[in-house]
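**Student:** structure, please.
(one chain, ligands or ions: 2)
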Amino acid sequence: MNNYNYCVPTDIRFGKGQVECLAEEIGKVGKKVLLVYGGGSIKKTGLYDKIYDVLKGFEIFELPGIEPNPKLSSVRKGAAICKENGINAVLAVGGGSTIDASKHIACSAFYDGDPWDLVLDKTKAVKALPVFTVLTICATGSEMNPGAVISNEETKEKLEINTPILYPKLSVCDPTYLFTLPPRQTAAGTADIISHIFEQYFQPNDGAYITDRLSEAALKTCFKYGPVAMKEPDNYEARSNLMWTSSIALNHLFTFGKGGAWSVHPIEHELSAFYDITHGEGLAILTPKWMRYVLSDATVKRFATYARNVWNVQNTDDYEAANEGIDKTEQFFKELGLPSTLGEVGIDDSQLSKMAAEAVRTSGLSDRAYVKLSAEDVEKIYRMCL
Ligand code: NZQ
Ligand code: ZN
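**Tutor:** Ligands and ions are numbered 1, 2, ... in the order given. Below is the predicted model:
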């Protein structure tokens, strides 16, 4: 196992009714709150009213309308509200997009220049307002990690700012808030969780046995409960298992003792930067193709282990077992109703080489990934998805 530092300071409040804790916990840092939320789902579900009920006596400012793939312009608006009103805490109610925008706002509140500077140079992010979250879609793990992915609509860049000051202070994870998630978002979120686990499972170090077995258990949880949550949206057991899996899938527990750059995420981020597609759908399209592209004598053992330990594949030939595992993964995404080609999400071949070059330029794909990929490789993977 590699040396590893592990410190996750986020206070998780998991289960029914946990939202009630917000008054006491936010009250410890002040009474002026910026409430950040998306396109309106929290109003339809009644959560918005509940938040106002719980936070009686607080002075609440609002930033609604955070878009999926949150935009820099929203961050700028939020940072201005914080500066003008002396906000004490940012409360994100929603999914990864709302939480990521809130984190970026929280550190931009203490920065005099443009928020995008902090994405390009995270050493400029030295202080942040405390961020509280109420999670309504389980996917990104943003509720328990220090990352925030922001899209710059002017430059078509989608980049991450990642620094320990951005860990949420407290996250409310109540699985009943997931009951209203439409099937499409449930499927995309599940694909995202699965991809986070893959990104850490398929890394160069083979000596972190405990980490890999934990990852396999988390993958099995997604494969078991994803379809249940699709068919029975209010199945508490399914929603709660997926919700906790999303948090631990990206709080770096599954990288413990490993390390290396991610593979499919940087390739996907270009798709959502250029075409504003749903992140989890992009991952579902790319993942099986990436797996087929990187399968070789050097990687076949790990793919065969994945197939045997996660899918119970019995085949004793490593290549055949590996391919069965990849087939099952692809089939799983199709059964969740996720797209399997770029054409299905409106992407043609016109920008592929540009996106491939950007994917490599903005990530560790070419020097630290499980299988190192050049821009040419990435373009070939895109073409396999057409
Ligand atoms: O905007 P509203 O109206 O709230 O609707 C949202 C949105 O349209 C809807 N939704 C959320 N909860 C709901 C609900 N609808 C009904 N009932 C509910 N309970 O779902 C839609 C998607 O929400 P969004 O927040 O965009 O989804 P997600 O959590 O998948 O976040 C995606 C963003 O996170 C980034 C992605 O790139 C993308 O920008 N990521 C963030 C990461 C991180 N911070 O660590 C890592 C990830 O790999 C990812 O890159
Ligand atoms: Zn993701």
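**Student:** count the neighbours of the residue nearest to Gly94 when sequence neighbours are not counted for me.
**Tutor:** Take Gly94 and drop its neighbours on the chain: the residue closest to it by C-beta to C-beta, 6 or more residues apart in numbering is Gly38, 4.6 Å away. Every residue, glycine included, has its C-beta placed from N, CA and C. Residues lying near Gly38 (other C-beta atoms under 10 Å) number 22.
**Student:** where along the stretch 151-300 of the chain do the strands fall?
**Tutor:** 157-162, 170-173 (DSSP state E, counting those that start in this stretch).
**Student:** figure out which of these is closest to ligand 1.
**Tutor:** strand 157-162 (6.8 Å; C-beta to the nearest ligand atom).
**Student:** now do the residue nearest to Gly94 against ligand 1, distance only.
**Tutor:** Remark: distance between Gly38 and ligand 1 (C-beta to the nearest ligand atom, to the nearest Å) = 2 Å.
**Student:** which parts of this protein sit against ligand 1?
**Tutor:** Within reach of ligand 1 by C-beta under 6 Å from any ligand atom, the chain has these residues: 38-42, 45, 68-69, 94-98, 100, 136-137, 139-142, 145, 147-149, 177-178, 180-181, 185, 189, 192, 250, 265, 272, 279-280.
**Student:** hang on, isn't Val33 packed against Glu62?
**Tutor:** No: at 9.5 Å, Val33 does not count as touching Glu62 under the criterion of C-beta atoms under 8 Å.
**Student:** who's more crowded, these two?
**Tutor:** Val33 (24 against 12).
**Student:** so what touches the host helix or strand of that one?
**Tutor:** Using DSSP states H and E, Val33 falls within strand 32-37. The contact list for strand 32-37 (C-beta atoms under 8 Å, 6 or more residues apart in numbering) reads 26, 48, 51, 55, 58-64, 66, 78, 81-82, 85-94, 98, 101-102, 105.
**Student:** if any of the residues you listed are buried, put those into a ChimeraX selection.
**Tutor:** ChimeraX command restricting these to the buried ones, with burial defined by 16 or more other C-beta atoms under 10 Å:
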select :26,48,51,55,58,61,63,66,78,81,82,87,88,89,90,91,92,93,94,98,101,102,105
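**Student:** so how far is Tyr306 from Thr299?
**Tutor:** 10 Å (C-beta to C-beta, to the nearest Å).
**Student:** correction: the previous question concerned Phe256.
**Tutor:** On the measure of C-beta to C-beta, Phe256 and Tyr306 end up 18 Å apart.
**Student:** which non-adjacent residue is nearest Gly96?
**Tutor:** Nearest to Gly96 is Thr140, by C-beta to C-beta, 6+ apart, at 3.1 Å.
**Student:** OK, contacts around the one you found?
**Tutor:** Gly95, Gly96, Ile99, Asp100, Asp192, His196, Ser246, Leu250, His279.
**Student:** local confidence estimate at it?
**Tutor:** Per-residue pLDDT puts Thr140 at 97.
**Student:** find me the pLDDT at Gly27, would you?
**Tutor:** If you check Gly27, the pLDDT there is 98.
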